[in-house]
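Chemist: no sequence on this one, just coordinates:
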């Protein structure tokens, strides 16, 4: 028997898997939402960032003068826990000497309550080989997620608070004191004492001619 086919259509399904987020990084050279320029030194910018985190309840550490790390705990539910980790780096600016760039990164770590059952058997010699199972439940917080908080108003609010503290907090850089010089006022009668080891300064007092005592005159008759 001969079977004839006028046409054969083969359908193939193409399944496209979305790329992971780390493969979607563009690494553009434009403005970054994780960085902000400030008209202050890098030390002052990091100090303002530290105060900004402290004012919002973050526990901060400063391993170096140009970095600030902070953590804060959240409890959205009884069986879940979230830890937000902040990492701030301050570098000198690119345009002027008194500018800085603040880079920030925040990571959200999620934890959930997990229950694990453990069992053990106990042999009873009186009953022969009979064993009784003993179970116990252990509750533990297990890390289930970790993701960098995406850019948006979250970082805008942080940078706005940093700018607030830069405008209100005293600068850490000491104020330069101008040198103080002194000079003799015109018409002064008392000249200042010259320092030890220097030439004495000329006196400004006008010298007054005093009459010399007359010598004994010889009187001849």
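Modeler: Perfect, I can see it now. Please read these numbers as outputs of a predicted model, since none were measured by experiment.

Chemist: Could you pick out the longest helix of this structure?
Modeler: helix 153-168 (DSSP state H).

Chemist: Could you check that one and say which residues are buried?
Modeler: For helix 153-168, a neighbour-count test (16 or more other C-beta atoms under 10 Å) marks 155, 158, 159, 161, 162, 163, 165, 166 as buried. C-betas here are computed from N, CA, C, even on glycine.

Chemist: hang on, isn't the second one packed against residue 55?
Modeler: Just to be clear, that refers to residue 158. No: Residue 158 is beyond contact range of residue 55, at 11.0 Å (criterion: C-beta atoms under 8 Å).

Chemist: Mind putting the buried residues of helix 153-168 into a markdown table with pLDDT and distance to residue 60?
Modeler: Output for the buried residues of helix 153-168, formatted as a markdown table (pLDDT from 0 to 100; distance: C-beta to C-beta, whole Å):
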| residue | pLDDT | distance to residue 60 |
| --- | --- | --- |
| 155 | 96 | 17 |
| 158 | 97 | 13 |
| 159 | 97 | 17 |
| 161 | 97 | 14 |
| 162 | 97 | 13 |
| 163 | 96 | 18 |
| 165 | 96 | 13 |
| 166 | 95 | 17 |
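
Chemist: Serialize those to a markdown table and add fields for distance to residue 67.
Modeler: Shown next, in a markdown table, are these (distance: C-beta to C-beta, whole Å):
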| residue | distance to residue 67 |
| --- | --- |
| 155 | 17 |
| 158 | 15 |
| 159 | 17 |
| 161 | 18 |
| 162 | 14 |
| 163 | 19 |
| 165 | 17 |
| 166 | 17 |
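
Chemist: what about residue 143, is that helix, strand or coil?
Modeler: strand (DSSP: H, G, I helix; E, B strand; the rest coil).

Chemist: how many other residues sit next to it?
Modeler: Counted with other C-beta atoms under 10 Å, the neighbours of residue 143 add up to 11.

Chemist: again, but for residue 30
Modeler: 5.

Chemist: Please apply the same query to the one 5 residues further on.
Modeler: Using other C-beta under 10 Å, residue 35 has 14 neighbouring residues.

Chemist: I'd say it and residue 101 touch.
Modeler: Yes: counting by C-beta under 8 Å, residue 35 touches residue 101, with 5.7 Å between them.

Chemist: thinking residue 60 is in contact with residue 52, fair?
Modeler: No: if you go by C-beta under 8 Å, residue 60 and residue 52 don't touch, sitting 9.6 Å apart.

Chemist: neighbour count winner among these two?
Modeler: Shown here are residue 60 and residue 52; by other C-beta under 10 Å, residue 52 has more neighbours (25 against 17).

Chemist: ok, now how distant is the more buried one from residue 79?
Modeler: 32 Å (C-beta to C-beta, to the nearest Å).

Chemist: residue contacts, residue 139?
Modeler: When contacts are counted by C-beta atoms under 8 Å, 6 or more residues apart in numbering, residue 139 touches 113, 114, 115.

Chemist: Specify which member of the residues you listed is nearest to residue 42.
Modeler: Nearest to residue 42 among the contacts of residue 139, counting by C-beta to C-beta, is residue 113 at 42.1 Å.

Chemist: can you pull the pLDDT of the residue nearest to the closest one when sequence neighbours are not counted?
Modeler: Closest residue to residue 113 apart from its sequence neighbours, by C-beta to C-beta, 6 or more residues apart in numbering: residue 79 at 4.0 Å. As predicted, residue 79 sits at a pLDDT of 88.

Chemist: Right, I'll call it a day here.
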